[in-house]
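**Q** Compute the structure for the input listed below.
(chains A and B)
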There are 2 protein chains.
Amino acid sequence: MTTFAIVLFPDVEELDWVGPWEVLTSWAKHFPDDDVHVFTVADTTDVITCAKGARVLADHPWDTAPSFDVLVYPGGQGTRRQLGDEVIRGRIRKLTEAGALMTSVCTGSLVYGDAGILDGRPATTHWAALDELRAVSEYIDVRTGVRWVDDGHVITAAGVSAGIDMALHLICRLHSEERAHQVKLAIQYDPAPPV
Amino acid sequence: MTTFAIVLFPDVEELDWVGPWEVLTSWAKHFPDDDVHVFTVADTTDVITCAKGARVLADHPWDTAPSFDVLVYPGGQGTRRQLGDEVIRGRIRKLTEAGALMTSVCTGSLVYGDAGILDGRPATTHWAALDELRAVSEYIDVRTGVRWVDDGHVITAAGVSAGIDMALHLICRLHSEERAHQVKLAIQYDPAPPV
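**A** Below you'll find the model as predicted:
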């Protein structure tokens, strides 16, 4: 069994979390024998307003959330208010020490960096937030021009839509390229941007 | 002013609606002078559970929703229960006659086809639902292997993630390629699927 927890918080960027959510829940739904589970987790089970105004409900509060193998930390303007928060720092460090695979999308990596878990590691973020990532810790090896960085225990993706690619990479890594290809077909992910 | 309404309903596919939502709300937010507005609309303002389990709230019920220029109809398993519903058929026809630009993602086009607005038009849907689209009306010119079909008053996109490409096309059409490129940058949409 592989369980994924996707973090929600006020001003989380919508596509940052729904991209991986769609990829991972499609894997779970179309391949039940793979025993994949996905839920969202937040400080509250009250309504959460995302960065662009969508209103959503998390599946579990942190206090009573089931255990999980992989954390997905999306970005969005709401990540800035989390920097310096000792509760969040402690949570991120504890999960990392416990062996969770820590993944992020966009400015979710700022929260990881602020907790110190990116020190000595290569990592990335949204192209417009690269300096912010450098600012949270001088010990992060900030990578530019990449879709995601897989450093073993930590995977950080670039901005917003990069979470879709990163989630497909997760399927490659945790299962197989064949399964990732099947999920890509399910969500008809043959991108053709008109510009 | 250009106003977009995105339809929500039980078992709407998450990325089907969040893809266009992210593109269009990013346009609205980063370019306020363009006077773009985006809201979600549904039968209810109670919690709606999407196809993969995400729980969301619509901005407006149909009865009291503001007027809009463009409708975005996402797909998902929930579209099947809407086929044959005379209230929905009447709504779709009335909006089309009133001159709204009717757009869909994935199996949203089944609902349009069921209302008869695709008769005599080229249209598409998720690759796995092409036969279902043919079945709703023999007068639809069903197109395969395309990311979206723009037939002037109606634009239908292929499955799930194709809504992102279609929404960028909408910006090209309603504003400019330059603006679509700027929004693409904002959501860092430089897709690089690993498989």
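**Q** Do a quick rundown of the helices in chain A.
**A** A:14-30, A:86-97, A:108-114, A:130-136, A:162-174, A:177-186 (DSSP state H).
**Q** now those as a markdown table including distance to B:R93 and mean neighbour count?
**A** Yep, even glycine has a C-beta here, placed from its N, CA and C like the rest. Compiled in a markdown table, these are given as follows (distance: least, CB to CB, whole Å; neighbours: other CB atoms under 10 Å in any protein chain shown):
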| stretch | distance to B:R93 | mean neighbour count |
| --- | --- | --- |
| helix A:14-30 | 31 | 27 |
| helix A:86-97 | 51 | 15 |
| helix A:108-114 | 44 | 28 |
| helix A:130-136 | 50 | 16 |
| helix A:162-174 | 35 | 25 |
| helix A:177-186 | 32 | 18 |
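**Q** Dump those helices to CSV, plus distance to B:I48.
**A** Compiled in CSV, the helices of chain A are given as follows (distance: least, CB to CB, whole Å):
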stretch, distance to B:I48
helix A:14-30, 14
helix A:86-97, 30
helix A:108-114, 26
helix A:130-136, 34
helix A:162-174, 23
helix A:177-186, 22
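**Q** Mind putting these into JSON lines with distance to chain B and mean pLDDT?
**A** Rendered in JSON lines, the data for those read as follows (distance: least, CB to the nearest CB, whole Å; pLDDT from 0 to 100):
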{"stretch": "helix A:14-30", "distance to chain B": "4", "mean pLDDT": "98"}
{"stretch": "helix A:86-97", "distance to chain B": "23", "mean pLDDT": "98"}
{"stretch": "helix A:108-114", "distance to chain B": "13", "mean pLDDT": "98"}
{"stretch": "helix A:130-136", "distance to chain B": "12", "mean pLDDT": "98"}
{"stretch": "helix A:162-174", "distance to chain B": "5", "mean pLDDT": "98"}
{"stretch": "helix A:177-186", "distance to chain B": "4", "mean pLDDT": "98"}
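**Q** Nearest to B:R173 among those helices would be which one?
**A** Judged by CB to CB, the one of those that comes nearest to B:R173 is helix A:14-30, at 21.2 Å.
**Q** Alpha carbons of stretch A:110-125, as PDB, please.
**A** As requested, C-alpha coordinates have been extracted for stretch A:110-125 and formatted as PDB (Å, rounded to 0.1, in the frame of the first residue of the first chain):
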ATOM      1  CA  LEU A 110       9.900  27.400   0.400                       C
ATOM      2  CA  VAL A 111       8.200  25.700   3.400                       C
ATOM      3  CA  TYR A 112      10.600  22.700   3.100                       C
ATOM      4  CA  GLY A 113      13.600  25.100   2.800                       C
ATOM      5  CA  ASP A 114      12.400  27.100   5.800                       C
ATOM      6  CA  ALA A 115      12.300  23.800   7.800                       C
ATOM      7  CA  GLY A 116      15.900  23.100   6.800                       C
ATOM      8  CA  ILE A 117      15.300  19.900   5.000                       C
ATOM      9  CA  LEU A 118      16.700  21.200   1.700                       C
ATOM     10  CA  ASP A 119      20.000  22.200   3.200                       C
ATOM     11  CA  GLY A 120      22.800  20.500   1.200                       C
ATOM     12  CA  ARG A 121      20.300  19.400  -1.400                       C
ATOM     13  CA  PRO A 122      19.500  20.400  -5.000                       C
ATOM     14  CA  ALA A 123      15.900  21.900  -5.200                       C
ATOM     15  CA  THR A 124      13.700  24.000  -7.300                       C
ATOM     16  CA  THR A 125      10.500  26.100  -7.200                       C
END
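**Q** which outside residues touch that stretch?
**A** Contacts of stretch A:110-125 from elsewhere in the structure, counted by CB atoms under 8 Å, 6 or more residues apart in numbering or on different chains, are A:73, A:75, A:79-80, A:82-84, A:88-89, A:92-93, A:96, A:102, A:104, A:106-109, A:129-130, A:132-133, A:136-137, A:139-144, A:146, A:148-149, A:151, A:154, A:156-159.
**Q** So which of these sit within strands?
**A** Applying DSSP state E to the contacts of stretch A:110-125, the entries found in strands are A:73, A:102, A:104, A:141-142, A:148-149, A:154, A:156-157.
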